[in-house]
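Novice: Quick one, fold the following:
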Amino acid sequence: MTSMLDMILTSDVLTPLESLFDSGTLELLPMTKEHPKGAIKIHEKIDPRRPWIDGGRGPAERYCLMWDDIWFRHFGFIPRGCRSCWKVSLKMRSMKDAYKILMEQKDESVRCKIGLETRPWTGNVGGFSAFWYVPLGEGLAGGREIYPRIKKVVRELSEGRLKPILKRGCTEMEIQLRKITGKGSDKWDELAEEGNWDEIEDSLEELFITPSLPQQTEAMKLQVLGKMIRHAADHGDKTYEEFSGGSLIPDLVQYQDSVHNAKNYAGPIFGRWEGYHGEHSAGHKRREGEEGSTLAINFGTTNS
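Specialist: Presented below is the predicted three-dimensional model:
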């Protein structure tokens, strides 16, 4: 027999979201004729730390802040919009390749984005990722329709080195659900039926006010492009120098085989300076327990 507490916990929407109310991301609104149960407003904002540059001319129809950041992460189900989200995905390791794709995406007929990859679960940290989004509702057929064109463009720009894939939904969704259920994105519709995902989504839609979709500013696009160049430098991609006017990482003076005279570079030892001929001079081999020896440092008692 289902207890009253079980029924309350099953229908309790607010408790899983308490941290988002505390942070100001969500606001609980009073009951109105339009929302007889009350409403939850999302304070949408453009995060300047977002690592993506938006492109293309397709409709802005994906409410990722609500579907992914709130419903999936806090209630554990994949909304209909995400199950209907098909995209062409491309991984790159070169800033030069990324810039070519960025220029291509400016005139795309579908919505797309490109940016630096920092997510550890993608297997591409230190590189770059690009996406082309199939209009919602066109399904796998729509994805297979645009894929050959995008694949051809990518292969031409990369001289055959890069190949995109066609995928469904967000990578983190597929990874998390596979860990829990052992099933990939091709089984999401089965999982939705088993878990009553659509019923859960319907109940949330009665409470949530659908957020707007703010546009990324040109200043933010330039900011991300600068971060991409720095990102390439930090991860050993030399092609960034074509966009930075040269190296951003200065060469270090190396001493292992240099002409520098060790007599001129004596250093402080335990707070005092020692000359080249002092007792701690270069070439003197310290004995065990002698002052200055690492063996004289007490690191605490250890069991041998």
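
Novice: alpha carbons only for contacts and neighbour counts from here, please
Specialist: Fine.

Novice: Now do the same contact list for the residue nearest in space to the middle of the chain.
Specialist: Most central in the chain under Cα atoms, centre = their mean is R119, positioned 3.8 Å from the mean C-alpha point. Applying Cα atoms under 8 Å, 6 or more residues apart in numbering to R119 gives the contacts V125.

Novice: what do you get for F208?
Specialist: Shown in contact with F208 (Cα under 8 Å, 6+ apart): A39, I40, K41, I42.

Novice: Buried only: go through the residues you listed for me.
Specialist: The neighbour-count test (16 or more other Cα atoms under 10 Å) marks A39, I40, K41, I42 as buried among these.

Novice: Which element is encountered next along the chain beyond the helix or strand in which E156 is found?
Specialist: Using DSSP states H and E, the element containing E156 is helix 139-157. Once helix 139-157 ends, the next helix or strand along the chain (criterion: DSSP H and E) is strand 165-168.

Novice: what sits up against the next helix or strand after that following strand?
Specialist: Note on strand 165-168: by DSSP H and E, the next helix or strand toward the C-terminus is helix 171-181. Defining contact as Cα under 8 Å, 6+ apart, one finds that helix 171-181 is touched by I78, W121, T122, K183, G184, S185.

Novice: Tell me how many other residues surround the spatially closest residue to the fifth one that is not a sequence neighbour.
Specialist: To tie it back to what came earlier, the one meant is G184. Excluding its sequence neighbours, the residue lying closest to G184 (Cα to Cα, 6 or more residues apart in numbering) is R178, at 5.6 Å. Look at R178: counted by other Cα atoms under 10 Å, it has 14 neighbours.

Novice: What distance do you get for R178 to D186?
Specialist: The gap separating R178 from D186 is 11 Å, by Cα to Cα, to the nearest Å.

Novice: And for G246?
Specialist: Distance from G246 to D186, by Cα to Cα: 46 Å.

Novice: quick one on the thing from earlier: please indicate which of the contacts of helix 171-181 are buried?
Specialist: Neighbour-count burial (16+ other Cα under 10 Å) applied to the contacts of helix 171-181 gives I78, K183, S185.

Novice: pLDDT score for L29?
Specialist: Listed pLDDT for L29 reads 94.

Novice: Quick check: phi and psi on it?
Specialist: Backbone torsions of L29, given as degrees, to the nearest 10, read phi -100, psi 150.

Novice: Run through the bridge partners of it.
Specialist: Here L29 sits in beta bridges with A39, going by DSSP bridges.

Novice: Number of residues surrounding it?
Specialist: Residues contacting L29 under the criterion other Cα under 10 Å number 15.

Novice: Of all the residues in stretch 239-257, which ones are buried?
Specialist: So for stretch 239-257, counting by 16+ other Cα under 10 Å, buried means T239, Y240, E241.

Novice: Which parts of the stretch 151-300 of the chain are strands?
Specialist: Here the stretch 151-300 of the chain has its strands, by DSSP state E, counting those that start in this stretch, at 165-168, 208-209, 268-269, 272-273.

Novice: still on that earlier bit, in helices, which of the buried residues of stretch 239-257 fall?
Specialist: E241 (DSSP state H).

Novice: For P30, state which of the buried residues of stretch 239-257 is nearest.
Specialist: Y240 (52.4 Å; Cα to Cα).

Novice: Quickly note the distance from that closest one to M92.
Specialist: When distance is defined by Cα to Cα, Y240 is 13 Å away from M92.

Novice: swap in A262?
Specialist: According to Cα to Cα, A262 and M92 sit 46 Å apart.

Novice: Is E27 in a helix, a strand, or coil?
Specialist: Three-state assignment for E27 (DSSP: H, G, I helix; E, B strand; the rest coil): strand.

Novice: who has more neighbours, A262 and M92?
Specialist: Neighbour count, other Cα under 10 Å: between A262 and M92, M92 has more, with 22 against 12.

Novice: so that one touches G127, yeah?
Specialist: Yes. Using Cα atoms under 8 Å, M92 makes contact with G127 at a distance of 5.7 Å.

Novice: What are the boundaries of the helices in the chain?
Specialist: Going by DSSP H, the chain shows helices at 4-11, 18-23, 64-66, 73-75, 80-83, 95-105, 139-157, 171-181, 188-194, 197-207, 218-234, 241-244.

Novice: Now tabulate these in CSV and tack on distance to W132.
Specialist: Below are the helices of the chain laid out as CSV (distance: least, Cα to Cα, whole Å):
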stretch, distance to W132
helix 4-11, 37
helix 18-23, 30
helix 64-66, 15
helix 73-75, 24
helix 80-83, 15
helix 95-105, 8
helix 139-157, 8
helix 171-181, 14
helix 188-194, 21
helix 197-207, 26
helix 218-234, 17
helix 241-244, 24
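
Novice: Let me know which of the ones you listed is the nearest to P51.
Specialist: helix 218-234 (5.9 Å).
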